[in-house]
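Colleague: Okay, structure incoming, though there's no sequence with it:
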């Protein structure tokens, strides 16, 4: 049994100089685990005369490894050859490069990126015999979604050191895994034949090489002491790699805090810490030493106690014991808000106030969120309005407009039909050529009339278009040349790039092009044969770049950190905000059960559902604990409440634990208003409140009025202006030159032009409602489910797949939290079950969410059909509806929306291969009280009349004619208060 050796600050020197043998150093946040490793390294070099080259320092991220190396080198005070410091994967690469050819008989293969691995697996799955796989998976074999599932399963096998034979033993108890052992063997053979290696195989191959006695002896002689940080994040494979690395001498020191193990989704095994003393015995066979660092040098008692309360009752394994808090005091606060915009505005204002009033540098503050997709865009806008420097929410390099210019050129050269047409439109209207819309339409008209190709029409009708035409006619730069060379060919051939690159206002574009060149260069290093067209395919299916290289930030720049809770690990700040802490988001207890059940490969996660839910809650507790203990002075939790007492969408259960209150509601109170203003806008509001408050002393009100009168001198608006109100302008020009209409706009205008202008053009009363949220959800779920079926070659999806898609998509927060969100979810499940039970017709889908563009009355129109089926007679258009109101049969027969789709589909050259449109229907998927699906049909003989009505709507909209037209929807109209057709609205026009 291992005895804990408690190390107080005064005992550090003795513990550090105890160099030899296996040792586990555990400690809470800020106790100096990394500092202990740094001092151990310095002690080995200075007092034990161990050369720096004989140490090996291992960490999990390049950032962490670089910091470790820098701290050791800066304090060493003398020159040396090199201090070996590395991540596990980097070390594995070096081992395979040096020893692999002798042991494995082959050089190191080319490393696959994540997307490349998915594509590799997908290609192998497409060649599989479906009969070898369980029936539910057979139709999924050619799909990319299933390739991702299998890729993840393979990665988890690698982390657990499970080979095909071991997987076969596990699969004997699981029928759904029966084909996976043989496929894993096929995958391994395919990798070898292709000369490729994935990240998981990189480690397992390195473990095999280290197992060679000669290699183990050589590594043991060159690396006499191993120092490992963040051991709680190791996988089974990484732990085994360490065991073999240290086998020759046993000098292994690892640092860990089990309460900061938050990466189980990456294969981390928190039990590695508890097993370390027994799995790494010393030379006498006794368990390894376990040092416990007792004192935190960062976290004061108020913050530490609150963090510990979050873990109370969680039965978290592997506690490092009670931690003595750092000296000084700290502050922990919790606040609740009614809207996310209010929460974001308050956080941004508080950060600005701290920076101005208390001189806290932005770089000493941070905002952490559980999910970057939910809250960060709103927060980023609030920060931008105040000029607070920060990194915006993650965006792919491929989505940068400057990079899209390059990719559009690739699409124009390699695609046909609508994709090529859209690419040419973006190229010609964009910064490269900047053609007016009218000129582009004339070019498109000439192309259709003359029957010319795009290169010919560009060469004939676009100024300086010869170079673009040549590139389109000869696409070898995109499909044959290596990607970086193809980019250079495009860059040097198109003269328009040279015009843009010298523009002083194009700094962001230049950064994006530079980043693209770097990404393509790295792509060429991994696969010299990859082309620009291949790169386009990669990024269209996955996020190829781990992080865009835009906007380089110098280390000393004062910049707010905005990141996820997981990425905050290892960082330190004075003040930390933990935002968007609501149930369902944080803690996030949604089951992460993959299709193949890969979690069951891990011993720590393979339990029953109740045990797995407990495991998930424990990790969420550790995540909260880790985030809070990043702060030295202050931690602020914030949440936007749905207004209900519990369930998803309510403030997180963690708020009550953090605040130490009896209920969460007590912890989620609104913050007190601030005192003195810190910005000119706040100052103006403060002065105006004083002026209008009759309870204030008259001298103070006069002083405030005087300050407002002179406010323009220090940045305020003119005193006669009213905040938030624009100057009144003419009642025209709601429609800009680049107008484009849709059939839904035409229907809204046809129903009431006045309401259309106010809602659709001025944005009055257009707030998102729970009904719109539900409609968007059902549309997205049906697209997901039906696209999976389309990819698999099925006529349609199944109710099980649709409900699974609903589970993936459902976010309870917009639906008000429990019990309301449960009711909405049940309503969605009923609708999907009813739809697939009474699915009308036997058509086979040929397109989903199809954009249909056409020109009517000289105006460009565009709409999106939910589904297009091929039937025995032709094409049928389907539009899903979630409204409770159904049009009459006569109204549907003349539907502007269906009529437009019917006309535009007939004009779609790409869809002509499937036939002509013969039907168009509305499907009311939420009408579940009958034993059939409620539908309404369009009458094709009404097409010409519908086109005339669409043209009339276009003429009225372009002429800006907005008469009020009373109808049966007026009682539900959100702009009735300003409608001249009703008494309550006439006051605005008196």
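Modeller: Ah, there it is. Computed from a prediction, not measured in an experiment: that's the story for all the values here.
Colleague: For the helix or strand where residue 124 lies, enumerate the helices and strands it packs against.
Modeller: Using DSSP states H and E, residue 124 maps to helix 114-126. Counting contacts by 3 or more CB pairs under 8 Å, 6 or more residues apart in numbering; DSSP states H and E, helix 114-126 is packed against helix 144-159, helix 180-194, helix 532-541. Heads up, the C-betas are built off the backbone N, CA and C, glycines and all.
Colleague: Low-confidence ranges, the stretch 851-990 of the chain, go.
Modeller: 987-990 (pLDDT under 70).
Colleague: hmm, try it at 80
Modeller: 984-990 (pLDDT under 80).
Colleague: Tell me which stretches of it form helices.
Modeller: 889-893, 896-907, 943-958, 983-986 (DSSP state H, counting those that start in this stretch).
Colleague: Can you pull out the low-pLDDT segments for the stretch 351-500 of the chain?
Modeller: Those would be 372-373, 391-400, 417-418, 437-438, 448-451, if you go by pLDDT under 80 across the stretch 351-500 of the chain.
Colleague: Please enumerate the helices of it.
Modeller: 376-385, 401-414, 417-429, 437-450, 454-461, 466-473, 476-479, 483-493, 495-501.
Colleague: Reformat the ones you listed into JSON lines and put distance to residue 825 and mean neighbour count next to each item.
Modeller: Below are the helices of the stretch 351-500 of the chain laid out as JSON lines (distance: least, CB to CB, whole Å; neighbours: other CB atoms under 10 Å):
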{"stretch": "helix 376-385", "distance to residue 825": "24", "mean neighbour count": "19"}
{"stretch": "helix 401-414", "distance to residue 825": "37", "mean neighbour count": "21"}
{"stretch": "helix 417-429", "distance to residue 825": "36", "mean neighbour count": "18"}
{"stretch": "helix 437-450", "distance to residue 825": "44", "mean neighbour count": "14"}
{"stretch": "helix 454-461", "distance to residue 825": "48", "mean neighbour count": "19"}
{"stretch": "helix 466-473", "distance to residue 825": "49", "mean neighbour count": "19"}
{"stretch": "helix 476-479", "distance to residue 825": "46", "mean neighbour count": "18"}
{"stretch": "helix 483-493", "distance to residue 825": "45", "mean neighbour count": "19"}
{"stretch": "helix 495-501", "distance to residue 825": "49", "mean neighbour count": "14"}
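Colleague: between those helices, which one is nearest to residue 601?
Modeller: helix 376-385 (32.5 Å; CB to CB).
Colleague: Packing partners of the closest one?
Modeller: Checking 3+ CB pairs under 8 Å, 6+ apart, helix 376-385 ends up next to helix 340-357, strand 365-369, strand 561-564.
Colleague: helix or strand for residue 253, which one?
Modeller: Using DSSP H and E, residue 253 falls in strand 252-256.
Colleague: That strand: partners in the sheet, and parallel or antiparallel?
Modeller: On the basis of DSSP bridges, the sheet neighbours of strand 252-256 come out as strand 23-27 (parallel), strand 225-228 (parallel).
Colleague: before we move on, the earlier item: any idea which of the helices of the stretch 851-990 of the chain is most buried?
Modeller: Stretch with highest mean neighbour count among these: helix 896-907 (a mean of 23; mean count of other CB atoms under 10 Å).
Colleague: Pull the distance from it to the chain's centre.
Modeller: Chain-centre distance of helix 896-907: 36 Å, with CA atoms, centre = their mean, to the nearest Å.
Colleague: who does that helix touch, helix- and strand-wise?
Modeller: Looks like helix 896-907 contacts helix 743-751, strand 844-856, strand 859-870, strand 875-881, strand 917-924, helix 943-958 (3+ CB pairs under 8 Å, 6+ apart).
Colleague: Rebuild these as a markdown table, extending it with distance to residue 477.
Modeller: Listed next are the helices and strands packed on helix 896-907 as a markdown table, based on distance: least, CB to CB, whole Å:
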| stretch | distance to residue 477 |
| --- | --- |
| helix 743-751 | 40 |
| strand 844-856 | 29 |
| strand 859-870 | 31 |
| strand 875-881 | 37 |
| strand 917-924 | 39 |
| helix 943-958 | 41 |
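Colleague: Which stretch among the ones you listed approaches residue 67 most closely?
Modeller: strand 844-856 (46.6 Å).
Colleague: picking up where we left off before, let me know which of the helices and strands packed on helix 376-385 is tucked in deepest.
Modeller: strand 365-369 (a mean of 26).
Colleague: Distance to residue 142 for the helices of the stretch 851-990 of the chain - can I get that in a markdown table?
Modeller: Shown next, in a markdown table, are the helices of the stretch 851-990 of the chain (distance: least, CB to CB, whole Å):
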| stretch | distance to residue 142 |
| --- | --- |
| helix 889-893 | 38 |
| helix 896-907 | 27 |
| helix 943-958 | 38 |
| helix 983-986 | 58 |
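Colleague: Tell me which of those approaches residue 641 most closely.
Modeller: Taking the helices of the stretch 851-990 of the chain one by one with CB to CB, helix 983-986 is closest: 32.7 Å.
Colleague: okay, residue 726: pLDDT?
Modeller: pLDDT recorded at residue 726 is 52.
Colleague: Report the contact partners of the nearest residue to residue 656 once chain neighbours are set aside.
Modeller: Nearest in space to residue 656, with sequence neighbours left out and distances taken as CB to CB, 6 or more residues apart in numbering, is residue 664 at 4.2 Å. Going by CB atoms under 8 Å, 6 or more residues apart in numbering, residue 664 touches 646, 650-653, 655-656.
Colleague: Apply 10 Å and report the result again.
Modeller: 334, 336, 583, 639, 641, 645-646, 650-657 (CB atoms under 10 Å, 6 or more residues apart in numbering).
Colleague: since we're on the nearest residue to residue 389 once chain neighbours are set aside, how many residues are nearby?
Modeller: Residue nearest to residue 389 in three dimensions, not counting chain neighbours: residue 559, with 4.6 Å by CB to CB, 6+ apart. Using other CB atoms under 10 Å, residue 559 has 16 other residues around it.
Colleague: Which strand residues bridge residue 563?
Modeller: The partner residues for residue 563, given DSSP bridges, come to residue 368.
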